[in-house]
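Student: sequence and computational prediction follow.
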Amino acid sequence: MTTASPTTPPTADSPVVLRSDDDRIATLTLDSPENRNALSSRLVGELAAHLCDVEADDAVRAVVLTHTGNTFCAGADLAEGAREGGPAKGVARLVALLRQIIELDKPVVAKVDGNVRAGGLGLFAACDITVAGLTSSFALTEARLGLSPAVISLTVLPRLTDRAASRYYLTGDRFDATEAERIGLVTITAENPDEVVGELAASFRRCSPQGLAASKQLTTHAMLATFDSDAERLIEMSATLFSSDDAQEGIASFMERRPPRWAE
């Protein structure tokens, strides 16, 4: 679930997730561009709190999850992990957030016009519908740091074709929005993501809250069953990997902006 750049964290008094409402649509904006919207404990906590509020708000028909800056989410906050003794502490918290998105009784649309990396793909894939600008890019970079996309597999694997999962899990290579749509990760690529999301919002407003909730349950049932059967095992796997010598070298190389020892 890596990797966020080792950059300056946001100031303590400013929120890193913003909410705005317009005509029954709640937009939640990840607003921590200084660290590429890393999955810090603060960002995860604020996003979870907003989702709780949205769940209880009968005026909200659907949610749009988007971002400021050129990155939707770059994955785990490695700088925070280094301060706290390792990113593994945030793994269970991330799993809870992903499940919260899936279990929310309202549609969640991810609107991305930028980069999505590693753990950020787990957040992206948890959303019911994903819209990406044509210049967006994606990568599952964990293997390059001695890790694996362990817990985010709960949401990512159900979206991908088997061959695509093998290719991008095992290479860490970057792919563009067109490829992401072809392999199932992106629902719609668009030159103007705002326009597409506006059309989706109009469709949601024509649906009853009960109809949306019941229909979403049908589309998420299998994924939730995987959470029930595999989440604890994958959390343990992630924690083991993060504490390994390879991961320590991979994370150190990333923080120090140098190649790891195994890279040619």
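Tutor: Arrived safely, thanks for sending.
Student: give me the contact list for stretch 209-219.
Tutor: Stretch 209-219 is contacted by residues 58, 61-62, 104-107, 128, 204, 207 when judged by C-beta atoms under 8 Å, 6 or more residues apart in numbering. From N, CA and C alone the C-beta is placed, and that goes for glycine too.
Student: quick one: which of these is nearest to residue 32?
Tutor: Nearest to residue 32 among these is residue 104, at 21.7 Å by C-beta to C-beta.
Student: give me phi/psi at the closest one?
Tutor: phi -60, psi 140 (degrees, to the nearest 10).
Student: do residue 186 as well
Tutor: Dihedral angles for residue 186 - degrees, to the nearest 10 - are phi -110, psi 130.
Student: list the contacts of it.
Tutor: Residue 186 neighbours (C-beta under 8 Å, 6+ apart): 130-132, 136, 177, 180.
Student: show me where this structure has helices.
Tutor: 41-56, 78-84, 91-103, 119-126, 153-156, 162-171, 177-182, 193-205, 209-242, 245-255 (DSSP state H).
Student: most tightly surrounded among those helices?
Tutor: Comparing the helices of the chain by mean neighbour count (mean count of other C-beta atoms under 10 Å), helix 119-126 ranks first with a mean of 28.
Student: what's the farthest-apart pair in the contacts of residue 186?
Tutor: 131 and 180 (11.0 Å).
Student: pull up the overlap in contacts between the two.
Tutor: 186, 189.
Student: ok so, going back, out of the helices of the chain, which gets nearest to residue 144?
Tutor: Among the helices of the chain, if distance is taken as C-beta to C-beta, the winner is helix 245-255, at 6.9 Å.
Student: packing partners of the closest one?
Tutor: Counting contacts by 3 or more C-beta pairs under 8 Å, 6 or more residues apart in numbering; DSSP states H and E, helix 245-255 packs against helix 78-84.
Student: tell me the mean pLDDT for the helix it packs on?
Tutor: For helix 78-84, mean pLDDT is 66.
Student: is residue 117 in contact with residue 70, as I believe?
Tutor: No. Residue 117 sits out of contact with residue 70 when judged by C-beta atoms under 8 Å, with a separation of 11.5 Å.
Student: between those two, who's got more neighbours?
Tutor: residue 117 (28 against 14; other C-beta atoms under 10 Å).
Student: and the gap between the nearest residue to residue 183 once chain neighbours are set aside and residue 198?
Tutor: Excluding its sequence neighbours, the residue lying closest to residue 183 (C-beta to C-beta, 6 or more residues apart in numbering) is residue 164, at 3.7 Å. The gap separating residue 164 from residue 198 is 29 Å, by C-beta to C-beta, to the nearest Å.
Student: OK, contacts around residue 188?
Tutor: 129-132, 181, 196.
Student: so which of those comes closest to residue 94?
Tutor: The closest of the contacts of residue 188 to residue 94 turns out to be residue 130 (C-beta to C-beta; 18.0 Å).
Student: got the contact list for the closest one?
Tutor: 109-110, 112, 124, 185-188.
Student: of all the contacts of stretch 209-219, which comes closest to residue 23?
Tutor: residue 61 (8.7 Å).
Student: so the closest one sits against residue 205, correct?
Tutor: Yes. Taking contacts as C-beta under 8 Å, residue 61 lies within contact range of residue 205: 5.9 Å.
Student: please enumerate the shared neighbours of those two.
Tutor: Joint contacts of residue 61 and residue 205 (C-beta under 8 Å, 6+ apart) are residue 24.
Student: worst-scoring helix or strand of this protein, pLDDT-wise?
Tutor: helix 78-84 (a mean of 66; mean pLDDT, DSSP states H and E).
Student: find the residue closest to residue 113 in space, skipping its chain neighbours.
Tutor: Closest to residue 113 by C-beta to C-beta, 6+ apart is residue 133, at 3.6 Å.
Student: burial of that neighbour, as a residue count?
Tutor: Residue 133 has 17 neighbours, counted by other C-beta under 10 Å.
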